[in-house]
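> the amino acid sequence is not available; the structure is as follows:
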């Protein structure tokens with residue numbers, strides 16, 4: 001490696017939207033190009049999304065891996081579908097299991113290590129998507145990722161930054177298999193340095209040959225279960241096999257109306273309902289009459305988001321265990337009553353109504369036939385559990401940490417149960433027709449990103465790239481974090497209303513990163529306009 005550049009030096013960049021009849025937008029250019037190549041070879045947007053997702057496990061390993069979970073919303077040309085490919089708890093997991101191993105005062109499963117790992121769902125999700133909608137041979141979709149994993153790639157600026165942030169934590173680097181996989185030469189790669197991942201290529205070949213089955217009941221599954229047993233984990237080959245047989249579920253979507261459009265999200269166990277609640281509350285205010293970056297508009301959005309989170313954090317978990325249904329939480333009369341709690345002149349703290357918290361990648365693809373795919377997969381919290389299965393390159397998520405051990409909550413851990421999930425793809429329709437496939441990755445920033453970007457597009461007519469580029473805020477516990485570039489005058493005005501506005505120091509999740517594809521008309525004629533977030537290394541690639 002020999003170059004004269006200071007990769008940390010730079011200036012704010014303004015990106016332009018990309019217009020094309022076929023588009024793939026991701027947070028890494030190699031993934032966007034891998035997906036687009038599938039369309040150019042005769043495939044569709046689902047083929048493109050799967051190829052891009054496989055590539056992302058190699059080129060952005062700080063955010064996702066072969067041990068990820070995933071969700072998808074897709075328009076097949078006629079109707080909308082939702083896929084929940086989030087994993088389930090091992091059969092041995094109970095509150096008592098964790099209290100026995102991690103102390104009687106434990107509140108949640110641990111953040112890292114094998115006791116944070118639920119059954120990985122992403123690979124089964126790829127297989128389910130391909131079986132129902134794919135056109136190209138499944139093995140061909142894995143080929144670009146295998147090639148890059150074997151010959152390597154130059155690590156880009158933002159991925160390297162995220163890699164360094166996570167790899168500076170002993171709780172990550174000391175996990176079994178991590179250093180072998182992600183600290184070549186005894187350290188994280190530098191910007192522009194070549195990184196290869198032959199072990200992951202081996203697993204991708206097995207996935208390609210068996211359409212994913214080897215990952216869940218074959219050679220890879222056996223290696224995962226053996227590694228778990230060797231390091232005190234509870235996951236077994238039976239847990240993995242059971243998931244492949246019936247884990248990914250076609251669940252449809254839930255939705256709410258906003259400004260003549262309908263926003264669709266995946267039903268719980270995900271937090272997409274938070275965006276729906278917040279927008280359902282904002283529907284009762286004339287947001288467009290207020291200056292776009294002014295205090296009044298931002299205050300309303302922040303308060304709506306706080307109200308939404310109050311309910312979501314209290315009630316949402318695996319839908320089979322929720323005491324309230326999504327329909328109850330989205331009831332129009334209820335949301336109107338929640339909206340009435342907002343005071344335009346002061347910030348408030350809200351409790352839940354009805355009463356008696358990643359490392360993630362998001363990508364979207366659309367083709368000239370009209371198919372549009374909104375897809376997200378994640379390891380959570382930067383390299384997830386930190387655990388990597390040696391010889392196979394399977395880096396595992398830590399979604400088990402999303403459970404609670406509180407038996408009074410819908411999200412209490414139990415065998416075969418899905419935890420509360422932060423990753424959420426989104427889709428916008430109007431009068432039953434597709435309008436936009438989009439998402440904003442980044443832990444609890446995701447519904448907040450959905451809210452802020454949609455308000456900019458639908459209330460203020462900002463084009464997708466401008467809405468994506470605009471500075472964001474982030475609601476945290478008792479705080480409002482404001483991104484660099486956020487108006488100082490607006491921040492001061494929010495403080496005057498009682499908001500605690502402070503900078504946000506999290507070097508990993510920051511203010512999210514989005515990808516957007518907006519349908520302009522007939523996909524075969526007018527095509528689409530796409531945006532890719534400058535907060536990542538990504539690209540919208542079209543033809």
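In hand now; what should we look at? The model shown is predicted, which means the values in this text are computed figures rather than measured ones.
> how about the strands in the stretch 51-200 of the chain?
69-75, 80-85, 153-154, 194-195 (DSSP state E, counting those that start in this stretch).
> highest mean neighbour count out of those strands?
Highest mean neighbour count among these (mean count of other Cβ atoms under 10 Å): strand 69-75, with a mean of 28. Where C-beta positions appear, they are placed from N, C-alpha and C, glycine not excepted.
> give me the mean pLDDT for that strand.
What strand 69-75 shows for mean pLDDT is 97.
> ok, it: who's next to it in the sheet?
strand 80-85 (antiparallel), strand 372-378 (antiparallel) (DSSP bridges).
> re earlier: of the strands of the stretch 51-200 of the chain, which is nearest residue 296?
Closest approach to residue 296 among these (Cβ to Cβ): strand 69-75, 32.3 Å.
> the closest one: how far from the chain's middle?
10 Å (Cα atoms, centre = their mean, to the nearest Å).
> quick one: buried residues of stretch 385-402?
385-389, 391-402 (16 or more other Cβ atoms under 10 Å).
> how long is it from one end to the other?
12 Å (Cα to Cα, to the nearest Å).
> the buried residues of stretch 385-402 in helices, which ones?
Using DSSP state H, no member of the buried residues of stretch 385-402 sits in helices.
> returning to that earlier point: can you redo the strands paired with strand 69-75 as TSV with distance to residue 55 and mean pLDDT?
Below are these laid out as TSV (distance: least, Cβ to Cβ, whole Å; pLDDT from 0 to 100):
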stretch	distance to residue 55	mean pLDDT
strand 80-85	17	97
strand 372-378	11	96
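> TSV for the ones you listed, including distance to residue 178?
Output for those, formatted as TSV (distance: least, Cβ to Cβ, whole Å):
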stretch	distance to residue 178
strand 80-85	24
strand 372-378	17
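> would a markdown table of the strands of the stretch 51-200 of the chain with distance to residue 380 be doable?
Output for these, formatted as a markdown table (distance: least, Cβ to Cβ, whole Å):
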| stretch | distance to residue 380 |
| --- | --- |
| strand 69-75 | 8 |
| strand 80-85 | 14 |
| strand 153-154 | 23 |
| strand 194-195 | 21 |
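> can you tell me the strand partners of the lengthiest strand in the chain and which way each runs?
Under DSSP state E, the strand in the chain containing the largest number of residues is strand 433-441. Strand partners for strand 433-441, identified by DSSP bridges, are recorded as strand 426-430 (antiparallel), strand 513-519 (antiparallel).
> what mean pLDDT does the longest helix along the chain get?
Ranked by residue count, the top helix of the chain under DSSP H comes out as helix 295-315. Average pLDDT, helix 295-315: 94.
> flag every buried residue along the following helix or strand past it.
Following helix 295-315 in sequence order, the next helix or strand is helix 326-329 (DSSP states H and E). Buried residues in helix 326-329, counted by 16+ other Cβ under 10 Å: 326, 329.
> run a quick neighbour tally on the spatially closest residue to residue 144 that is not a sequence neighbour.
The shortest distance from residue 144 to any non-neighbouring residue, by Cβ to Cβ, 6 or more residues apart in numbering, is to residue 34 (3.9 Å). By other Cβ atoms under 10 Å, 29 other residues sit near residue 34.
> which helices and strands does the helix or strand where residue 34 lies pack with?
Assigned by DSSP H and E, residue 34 belongs to helix 29-40. Applying 3 or more Cβ pairs under 8 Å, 6 or more residues apart in numbering; DSSP states H and E, one finds that helix 29-40 contacts strand 23-26, helix 45-59, helix 138-151, strand 360-366, strand 539-542.
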